[in-house]
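A predicted structure for the sequence below; I have some questions about it.
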Amino acid sequence: MQARLKSHNEGANFHTAKYRPWELVCCISFHSRERAAEFEKYLKVGSGHAFARRHLW
C-alpha cells in the first residue's frame, strides 16, 4: 500500500500524476481480490459515488 502511494506521488502513473500529492485517508481491505474488484466497480457507478461521498470523503 505504501509503495503504491509512493509510486503515485513520484508521478509513475500517468493518470494520477497531475493530481499529486496523494494522501491516504481511508483503507478498506477485503478477503479476496474478487470482492475488492466488485467494490471498486461499484464505487464507479452512480449509487457508488453517493456511497463514497457519504462514507469515505
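Done, it's in. What you see is a predicted model; the values in this text were computed from it and never measured. Residues are numbered from 1 along each chain as shown.

what residues are up against A36?
Neighbouring residues of A36 by Cβ atoms under 8 Å, 6 or more residues apart in numbering: S29, F30. Bear in mind the C-beta positions are built from the backbone N, C-alpha and C, glycine included.

Next, work out how far apart it and G11 are.
From A36 across to G11, the span is 25 Å (Cβ to Cβ, to the nearest Å).

Low-confidence regions, the chain specifically.
The model of the chain has no residue with pLDDT under 70.

Would you map the helices across it?
2-9, 14-17, 33-43, 46-55 (DSSP state H).

So which residues make contact with the shortest one?
So that's helix 14-17. The contact list for helix 14-17 (Cβ under 8 Å, 6+ apart) reads H8, G11, W22.

how about JSON lines for the helices of the chain, with distance to C27 added?
Below are those laid out as JSON lines (distance: least, Cβ to Cβ, whole Å):
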{"stretch": "helix 2-9", "distance to C27": "10"}
{"stretch": "helix 14-17", "distance to C27": "17"}
{"stretch": "helix 33-43", "distance to C27": "12"}
{"stretch": "helix 46-55", "distance to C27": "13"}
